[in-house]
Each structure stands twice: as structure tokens, then as C-alpha cells.
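# A structural model of the following input is requested.
(2 chains)
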2 protein chains.
Amino acid sequence: MSGRLIGVGVGPGDPELITVKALNVLRGADVVFVPVADTGEAGRAEAVVRAHGLGDRTRRLEFALSDDPRARESNWDSAGAEVGRAVAESGIVAFATIGDPNIYSTFAYLADTVRALLPGIVVETVPGITAMQDLAARSGTVLVEGTERLALFPFTAGAARLREALEVFDTVVCYKGGRHLPEITDVLRAADRVDGAVYGARLGLEGEEVLLVSELGVRRGPYLSTVIAPGTRSGRGSKL
Amino acid sequence: MSGRLIGVGVGPGDPELITVKALNVLRGADVVFVPVADTGEAGRAEAVVRAHGLGDRTRRLEFALSDDPRARESNWDSAGAEVGRAVAESGIVAFATIGDPNIYSTFAYLADTVRALLPGIVVETVPGITAMQDLAARSGTVLVEGTERLALFPFTAGAARLREALEVFDTVVCYKGGRHLPEITDVLRAADRVDGAVYGARLGLEGEEVLLVSELGVRRGPYLSTVIAPGTRSGRGSKL
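As a prediction, this is how the structure comes out:
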């Protein structure tokens, strides 16, 4: 079994924010899987791959989205089996994922499923720019400097986790809280951390939103979204 | 004053781990400054820039390294003045920095210094792959998934900060602790977090080190180094 499965981070959405290495790996792969029907990121990885003229070797992979755990598991099994077959047949198989394949990516689950089917498989990853980094750049926010500490987690971990992180950490970054933006704003306000905090969604794509949290009002955003509450340093959100 | 100063992340060292956008910005800049004589990263950004055939517009910028605060401040002032002059003369000036310009980068200080000299200047940044992400990929480590939380800080924040983070967070990433590796190992061991923890330095460069923390013994590493203590998920450090 000499097949390779490579999880390739293609960045947050802007086709220019892919690395040269990711492009080279995608160009050298026999098959490039792209995820579809996942939570809000459907088509985003595929669009980046196609923007670089690599649509010809692209295959769409249906993903696990049902609320029914049994249906979800069965979806995972069939996705894993399809990728496993491609590895056995083709040799080098890439899976394009938005952001970074080792940071809140479906790739980790996919790799586990394929490893269980093909124990000898070589799994590799190529890092990608994360939404946190892209929002920092687009909003003019310094994430951390000196001895500042950064905390990163999804809002699905719970509002209590956000409160806890704001107490202890300098910079706090919260993903996947778009539907709960008013609650996040309330938590930031209670911790006196609204100043300089920024919100972003659909970065580099049509309908991009990059705003100060203080200007959000009661607005809600998509599931895939980013809030950065920076430390005490001046000059945060300097582009807003 | 229509000049622009662009902090460009060129990734951790491997010339392939630069984004297409960073390359395009460097190619479009009139001058590309690269830092020299800084702590351990001397020449690293320059090597990436030169690997892409952009050495002709490169200018070396001496940086603040003295232990004497007055000498350090004077270094900063002269670096800021040199970049300010280039912006006034040339229009588009890039500063190439390893990693990401918004994450523990000297660029934030440089931008502040130049802003003070040229208040109307437009400052932008282009994100870059961080050492944390590169080490995750090279060691086969999933950084975070699901609702896991990640903490990132330099060891210069203190051993107590590391202990604190290990208590509360799933994945803990510690930069700049190379000279204190035995102490970091002790702290991880006391917290029962050595299993799956990985260490890396000179990633993608000659003399690259990517090792399990459990195999470090009393080894010390360079100042610029990364330790990842992953959460409880299996399959961490799968390439080691």
C-alpha cells in the first residue's frame, strides 16, 4: 500500500491566499477531492481550486451533515470509502480544505476514516492561511506581540468558555459564532473588551463582512465567522 | 502622502510556504526590506525572498537587538526613518517577515515607528503560514478539532503561564522556548502532557529538528522554536 492522502489547506477563500506548496501538491495529485454540503463552506475550497485552473481533476465529496448521528456516520463511512478507493487506484490523492487542515478541519476526521480502511496509507498535510489571520490583515488588527497570549476556540464550546478566556488571555479569537453575534457582543461588553474587537465573515468572497463589533448592533452572521477581541495594544482594527 | 507600507508574511522558512498573494505583493513593490541581526531569524526572510528571484529589490534593515534600551530605541528610530524615507521616495514599500506579520512579528513595531513619522501612510499586511502550522504538518499533529481550544504564547511569558494554560486548554503551543526545553519538558511532564507533544526548530531549513518532546532528553534548541502539547485526540504526532 504505497498510496498517499494529502490534506491541502487552500486558505480562507481568496484564491491568492493559497501557498505555492499547496498549488504544487494540487497540481501533482491524481485526484483532488473537494467537500460539498458541509456547514456553510460548501463550494469554497472548490472555487479556490478552480480559480487556479485545476478543475479537471476535481471530484466532489459528499459530507456528513445530518442531525441524525446514524446518517452522519454512514455519510462518513461512504466518504472515507470513496477516498480510500481513489487512493488505492490512483496513488496520490489530495483533499482541498478551507483554512488549515490541522485547525478545525474536516480533514482530520476524513484521514481517520481512511486510515481505518487502509492502515498502510501515508497521510500528509500542507498548511493554509486561517480566517483568523485573514481577518487580522483585512481589519488592520495586530493579533499578538511581545509576551501576549492568544486563545482560539469555536463559540460552540460555550459562552462560559468565552468569558473564561477573556478573563485570562490577551487576545481571544472565536470561530463559528455568527448566529450568536448578539450574545458574543454582550459577553465582550460585560468583560469590557468591545473596544477594538472585530468581526468578519465571507472573507475575500462576495458579500465579505469586516466590521467593528461595536457597530454590529443586533446583526447576525453566517455560521462560519470570526471574532477577534485583541489585547490592550493600540492600533487594533486600524483599517476600520 | 500616498505611500504604502505592506508587511508581508513569507512563512516559516520553506520557500514554498509563501502565499501567491505575498509573492504578487513582493513583485509589485518598489523596495523590499528584509530584517537582519534580529534574534535568530537573521537571513530567513531574505532567503525566502531571494529563492523567488526577488533579490534585486531587496534592502537589508538593521534591527534593534541591544540589551541597552537606549541603543535599542535608537536602532528602532533609525530603522523607522530609513523605511519612512523609502516610502516617501518610492511609493510601495514591502517588509518581508517570517511567519505572519500580525503574530509576534517585528512588523507591528516597525509600522508604529513609521506611522509616527508619516501619519498619512497606509499600512497593510499579507498573512503568512506560522511555525505552529508548519510543525503540525511536519509532525503529523492535528492542532484542534471539534470544540477543542488552543492557546498560543511565547515561553518568555513565563513558566507559570505554561502551567496555567495546560490546566485550562486542550492544545497549548509555546514559542521561543528553545533555550529552556528541559524546563518546558518538566512542566509538561508534571501536567501529564508529554504524550504526543512535539518540538520543532529550523523548520524547512538546513538543520531542521522535528521531535517528540519525550525524546528530547536534556537537549536545548535555538530561541526560535515551537512546542505543541496537543489535546487528548489520538493520532497526534503521527509522522514521528
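# residue A:60 in helix, strand or coil?
strand (DSSP: H, G, I helix; E, B strand; the rest coil).
# the closest residue in space to it that isn't next to it in sequence pairs with what?
Counting by C-beta to C-beta, 6 or more residues apart in numbering or on different chains, residue A:36 is the residue found nearest to residue A:60 once chain neighbours are left out, at 4.7 Å. From N, CA and C alone the C-beta is placed, and that goes for glycine too. Taking DSSP bridges as the rule, residue A:36 bridges to residue A:62.
# geometric centre of chain A: which residue is closest?
residue A:99 (4.1 Å; C-alpha atoms, centre = their mean).
# in contact with the residue nearest to residue A:60, which residues are there?
A:42-43, A:46, A:60-63 (C-beta atoms under 8 Å, 6 or more residues apart in numbering or on different chains).
# so which of the residues you listed comes closest to chain B?
Among these, residue A:63 lies closest to chain B (C-beta to the nearest C-beta), at 14.6 Å.
# how close does the residue nearest to residue A:60 get to chain B?
According to C-beta to the nearest C-beta, to the nearest Å, residue A:36 stands 20 Å off from chain B.
# can you list the domains in chain A?
A:4-126, A:131-229 (automatic domain parsing).
# looking at those domains, which one has the lowest mean pLDDT?
Looking over the domains of chain A, mean pLDDT reaches its minimum on domain A:4-126, with a mean of 90.
# end-to-end on that one?
Using C-alpha to C-alpha, to the nearest Å, one end of domain A:4-126 lies 13 Å from the other.
# can you verify residue A:125 is assigned to a strand?
Yes. According to three-state DSSP, residue A:125 belongs to a strand.
# that one pairs with what?
residue A:7.
# helix/strand/coil for residue A:70?
helix.
# just to revisit the earlier point, let's have the contacts of residue A:36 in a markdown table, adding neighbour count and distance to residue B:195.
Formatted as a markdown table, the contacts of residue A:36 follow (neighbours: other C-beta atoms under 10 Å in any protein chain shown; distance: C-beta to C-beta, whole Å):
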| residue | neighbour count | distance to residue B:195 |
| --- | --- | --- |
| A:42 | 16 | 36 |
| A:43 | 16 | 39 |
| A:46 | 23 | 37 |
| A:60 | 13 | 37 |
| A:61 | 21 | 32 |
| A:62 | 13 | 35 |
| A:63 | 19 | 31 |
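# related to what we said a few turns ago, as JSON lines, the domains of chain A with distance to residue B:29 would be great.
JSON lines is the format used below for the domains of chain A (distance: least, C-beta to C-beta, whole Å):
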{"stretch": "domain A:4-126", "distance to residue B:29": "15"}
{"stretch": "domain A:131-229", "distance to residue B:29": "16"}
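# tell me where chain A has strands.
A:4-9, A:31-36, A:58-62, A:92-97, A:122-126, A:150-154, A:171-175, A:198-201, A:209-212, A:225-229 (DSSP state E).
# buried residues, the second one. List them.
Right, the one you point to is strand A:31-36. For strand A:31-36, a neighbour-count test (16 or more other C-beta atoms under 10 Å in any protein chain shown) marks A:31-35 as buried.
# which one of those residues is nearest chain B?
residue A:35 (14.8 Å).
# just give the closest residue to that closest one, not the sequence neighbours.
Using C-beta to C-beta, 6+ apart, the nearest residue to residue A:35 is residue A:63, at 5.1 Å.
# make sure that neighbour is actually in contact with residue A:78.
No. At 10.1 Å, residue A:63 and residue A:78 do not qualify as touching, with contact defined as C-beta atoms under 8 Å.
# what residues are shared contacts of the two?
In contact with both residue A:63 and residue A:78: no residue, using C-beta under 8 Å, 6+ apart.
# residue A:200 - nearest residue in space that isn't next to it in sequence?
Per C-beta to C-beta, 6+ apart, closest to residue A:200 is residue A:135, 3.9 Å.
# from chain B, how far out is residue A:99?
From residue A:99 to chain B the distance is 10 Å (C-beta to the nearest C-beta).
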